[in-house]
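Undergrad: Below is the structure, and that's it, no one-letter string:
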């Protein structure tokens, strides 16, 4: 993976529902985390039964940011996504200010997160 000068990596997940893709993403995030690389997970929804933390030796807890404290629901997903796009853009802008305008690397992990590519410059994805 090419890392830009910011050394901030944000993984965007639909939720922390226990599944193979989420487990692998959390493992990758833990593996990348170091004193030189700030790794974060941005979850769209807060799943009622989220993935339990790994207690693997030498692994770090990755900070998790939720765009919504609500659980995912198909009936309101389209409305939630519109709201999430605004919150996502605000989050990226605040991250830019916090990191002194260094651009984070954003990794969109699932098909449901690809919509956020419209708000993420290609150089960051």
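TA: Ah, there it is. Computed from a predicted model, the values in this text were never measured in an experiment.
Undergrad: Sheet partners, orientation included, of whichever strand or helix holds residue 39?
TA: For residue 39, the host element (DSSP states H and E) is strand 38-43. When pairing is defined by DSSP bridges, strand 38-43 lines up against strand 8-13 (parallel), strand 64-66 (parallel).
Undergrad: For the closest residue to residue 95 other than its chain neighbours, give its distance to residue 36.
TA: Distances taken as C-beta to C-beta, 6 or more residues apart in numbering place residue 104 nearest to residue 95, at 5.6 Å, with adjacent residues excluded. C-beta coordinates here come from the backbone N, C-alpha and C atoms, glycine included. Using C-beta to C-beta, to the nearest Å, residue 104 is found at 14 Å from residue 36.
Undergrad: Which one's more surrounded, those two?
TA: The neighbour count for residue 104 versus residue 36, taken as other C-beta atoms under 10 Å, is higher for residue 104 (22 against 8).
Undergrad: show me the contacts for that one.
TA: 6, 8-10, 92, 95-96, 124 (C-beta atoms under 8 Å, 6 or more residues apart in numbering).
Undergrad: buried stuff in the top helix by length along the chain?
TA: Ranked by residue count under DSSP state H, the longest helix found in the chain is helix 77-98. By neighbour count on 16 or more other C-beta atoms under 10 Å, the buried set for helix 77-98 is 80-81, 84, 87-88, 91-92, 95.
Undergrad: how about those in CSV, adding pLDDT?
TA: Listed next are the buried residues of helix 77-98 as CSV, based on pLDDT from 0 to 100:
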residue, pLDDT
80, 88
81, 85
84, 91
87, 93
88, 91
91, 92
92, 88
95, 87
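Undergrad: Summarise which helices and strands the helix or strand containing residue 25 is packed against.
TA: Element membership of residue 25, judged by DSSP H and E, is helix 20-32. Counting contacts by 3 or more C-beta pairs under 8 Å, 6 or more residues apart in numbering; DSSP states H and E, helix 20-32 packs against strand 8-13, strand 38-43.
Undergrad: related to what we said a few turns ago, pick out the most distant pair among the buried residues of helix 77-98.
TA: 80 and 95 (21.2 Å; C-beta to C-beta).
Undergrad: quick one: secondary structure of residue 100?
TA: Three-state assignment for residue 100 (DSSP: H, G, I helix; E, B strand; the rest coil): coil.
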